[in-house]
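Participant: A predicted structure for the sequence below; I have some questions about it.
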Amino acid sequence: MAGRENTVRTRTRQQPVSEQPLSAASAPGASLKLLAAPAPRPPEVPPCMRQDMIEQAAYFRAAQRGFEPGHELDDWLAAEREVDTLIQERYR
């Protein structure tokens, strides 16, 4: 076979992949901070439930003053603060 070079072809045998759990030491460039799971978030209060709570709190504030007119906005804003504080204390 003139003009043809003799070449040797070799095949490499693939090694089976070992299954080991990923750890901070084995992950290149990974740190424990990145591998740590985030803290679970508390359940959020649905907006419609928050609205109902504010309505009830504002109503009770108005009832305590005998439904005197002219304080509706003050009652509502105070009720919002009260409900938001309650939600934060309870769910945060």
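Facilitator: Received, thanks. Numbering: from 1, shown residues only.

Participant: tell me what the longest helix belonging to the chain is packed against?
Facilitator: Once the chain is assigned using DSSP state H, the helix that runs over the most residues is helix 72-91. Using 3 or more Cβ pairs under 8 Å, 6 or more residues apart in numbering; DSSP states H and E as the contact test, the elements touching helix 72-91 are helix 47-64. In this view, the C-beta of every residue, glycine as well, is placed from N, C-alpha and C.

Participant: Contacts for the helix it packs on next, please.
Facilitator: Helix 47-64 has contacts (Cβ atoms under 8 Å, 6 or more residues apart in numbering) with 45, 68, 71-72, 75-76, 78-80, 82-84, 86-87.

Participant: coming back round to it: go ahead and name everything in contact with the longest helix of the chain.
Facilitator: Here helix 72-91 makes contact (Cβ under 8 Å, 6+ apart) with 42-45, 50, 53-58, 61-62.

Participant: Now the buried members of the residues you listed.
Facilitator: In the contacts of helix 72-91, burial by neighbour count holds for Arg50, Met53, Ile54, Ala57, Ala58, Arg61, Ala62, counting by 16 or more other Cβ atoms under 10 Å.

Participant: In JSON lines, list those along with distance to Tyr91 and pLDDT.
Facilitator: As requested, the buried ones among the contacts of helix 72-91 are arranged in JSON lines below (distance: Cβ to Cβ, whole Å; pLDDT from 0 to 100):
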{"residue": "Arg50", "distance to Tyr91": "11", "pLDDT": "95"}
{"residue": "Met53", "distance to Tyr91": "13", "pLDDT": "96"}
{"residue": "Ile54", "distance to Tyr91": "16", "pLDDT": "97"}
{"residue": "Ala57", "distance to Tyr91": "17", "pLDDT": "98"}
{"residue": "Ala58", "distance to Tyr91": "21", "pLDDT": "98"}
{"residue": "Arg61", "distance to Tyr91": "23", "pLDDT": "97"}
{"residue": "Ala62", "distance to Tyr91": "27", "pLDDT": "97"}
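
Participant: Name the helix or strand of the chain that has the lowest mean pLDDT.
Facilitator: Lowest by mean pLDDT, DSSP states H and E among the helices and strands of the chain is helix 32-35, with a mean of 55.
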